[in-house]
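Novice: generate a structure from the sequence data that follows.
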Amino acid sequence: MKKKLFFLVPVFLLFLQCKKEDTTEPYTIRDYSEQVIVDQDLLETYLKTHTYNYEDFNNESDVNIKLDTISDNNSSRVSLFEQASIKTIDVTNAEGQITSHNLYYIIAREGSNESPSVADSVYVAYDGILTDGSTFDNRKFPIWIDLANSLEGFREGVSELRTGKFTENSNGTIAYTSFGVGLFFIPSGIGYFENISSGIPEYSPLIFTVKLMTHTDTDHDNDGILSIFEDIDGDNKPFGDDSDGDNLWNMYDVDDDGDGILTVNEIDKNNDSIIDDTNNDGIPDYLDPDN
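Specialist: Next comes the predicted model:
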């Protein structure tokens, strides 16, 4: 069984969502299906009219992404749109309707080590930018972020990167090299959507440039199962998976099957490093209330 590591990750203002203030006038939240069209147009316009310093990422040195508008002076530059890949993220509204959103991303440097899961904690430096070029957040020095508690578009983007190498300096500090660097262009439906946060207007597409130094596999409830492996429905997202129907996701539930026995005490009772299934019904004991 894979060893688990867990870091207490602070909550950062960028990823806290603030509801709109109450007003006397009625306010109608837009439909995802309508807003996604607006956002896609805004993002694709930005991608087709901007570029970045892609040549600078041919080595392992610490290089900052520099976005630039394509003009007559640099018309030969390759646009962001020509370099971007697309990751499709489905968003379900309260009525169960699904709207697909395109997360556009560019891997400036992939990184040399491992990719985090969408439920891991990551050590990242980043810039958050709006399509008008204004910066709403900047982390020059890396900080720990719990991807499970971050914006969906952010965690899905960061999970495409790989971590780097690190060495310890003589003064005890850590130096990182060959880490992943990426650009992520996020429609509001997998960002803040109708919410506002730290100078970010409602329905704003977001742009992030991210450096991924390292990550830690995370077990949020310390039950012996890494959070990403509490993905019961197999969609690679453990968010919403609730085996015992107690309205507590398995990744935060210390008793996943609700049988009164802690998950950590049902995983491997004979310590043979194999997850137990006592009655051989194909359901692990920690998910089987009859065992």
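Novice: what's the distance between F193 and L212?
Specialist: For F193, the distance to L212 equals 25 Å [CB to CB, to the nearest Å]. Yep, even glycine has a C-beta here, placed from its N, CA and C like the rest.
Novice: now do the buried residues in stretch 52-65.
Specialist: Y52, Y54, F57, V63, I65 (16 or more other CB atoms under 10 Å).
Novice: of those residues, closest to G153?
Specialist: When the buried residues of stretch 52-65 are ranked by distance to G153 (CB to CB), I65 comes first, at 17.3 Å.
Novice: in space, what's closest to that closest one - neighbours in sequence excluded?
Specialist: Across the structure, with CB to CB, 6 or more residues apart in numbering as the measure, the residue nearest I65 apart from its sequence neighbours is T209 (4.2 Å).
Novice: parallel or antiparallel, which strands does the helix or strand where that neighbour lies pair with?
Specialist: Under the criterion of DSSP states H and E, T209 resides in strand 206-216. Here the strand partners of strand 206-216, with direction, are listed using DSSP bridges: strand 121-130 (antiparallel), strand 180-186 (antiparallel).
Novice: what's stretch 239-253 in contact with?
Specialist: Outside stretch 239-253, the residues within contact range by CB atoms under 8 Å, 6 or more residues apart in numbering are 119, 148, 220-221, 223, 225, 227, 230-233, 238, 255-258, 263, 287, 289.
Novice: gap between the residue nearest to H215 when sequence neighbours are not counted and A125?
Specialist: Using CB to CB, 6+ apart and skipping residues adjacent in sequence, the residue nearest H215 is P116, 3.8 Å away. Noted for P116: a distance of 15 Å to A125, by CB to CB.
Novice: higher neighbour count, the two?
Specialist: When P116 and A125 are compared for neighbours, P116 comes out ahead with 26 against 20, by other CB atoms under 10 Å.
Novice: tell me the contacts of that one?
Specialist: V122, L147, V158, S159, L161, T163, L212, H215.
Novice: try it again at 10 Å.
Specialist: Contact partners of P116, counting by CB atoms under 10 Å, 6 or more residues apart in numbering, are 122-124, 147, 155, 158-163, 180, 212, 214-218, 228.
Novice: now name the helix or strand holding Q40.
Specialist: Counting by DSSP H and E, the secondary-structure element that holds Q40 is helix 32-49.
Novice: give me the helices and strands touching the helix or strand that comes right after that helix, please.
Specialist: Using DSSP H and E, the helix or strand that follows helix 32-49 in sequence is strand 50-52. Based on contacts counted as 3 or more CB pairs under 10 Å, 6 or more residues apart in numbering; DSSP states H and E, the elements that strand 50-52 packs against are strand 67-69, helix 80-83.
Novice: buried deepest among those, which one?
Specialist: Mean neighbour count (mean count of other CB atoms under 10 Å) peaks for helix 80-83 among the helices and strands packed on strand 50-52, with a mean of 18.
Novice: K48: which of the helices and strands packed on strand 50-52 is closest?
Specialist: helix 80-83 (4.4 Å).
Novice: show me what the closest one is in contact with.
Specialist: The list of residues contacting helix 80-83 from outside it, by CB under 10 Å, 6+ apart, reads 43-52, 54, 67-68, 70, 104-108, 183, 185, 207.
Novice: again, 8 Å this time
Specialist: When contacts are defined by CB under 8 Å, 6+ apart, helix 80-83 is touched by residues E44, Y46, L47, K48, H50, T51, Y52, Y54, Y104, I106, L183, F185.
Novice: and of those residues, the nearest to S197?
Specialist: Ranked by distance to S197 (CB to CB), the contacts of helix 80-83 are led by F185 at 17.9 Å.
Novice: hmm, back to that, can you tell me which two in the contacts of helix 80-83 are farthest apart?
Specialist: Within those, two members stand farthest from each other by CB to CB: E44 and Y54, at 18.8 Å.
Novice: quick one, grab the pLDDT at the nearest residue to I145 once chain neighbours are set aside.
Specialist: Distances taken as CB to CB, 6+ apart put V122 closest to I145, at 5.6 Å, once the chain neighbours are dropped. pLDDT, V122: 98.
Novice: any idea how far V210 is from V122?
Specialist: Distance from V122 to V210, counting by CB to CB: 9 Å.
Novice: one more: E55?
Specialist: Taking CB to CB as the criterion, E55 is separated from V210 by 20 Å.
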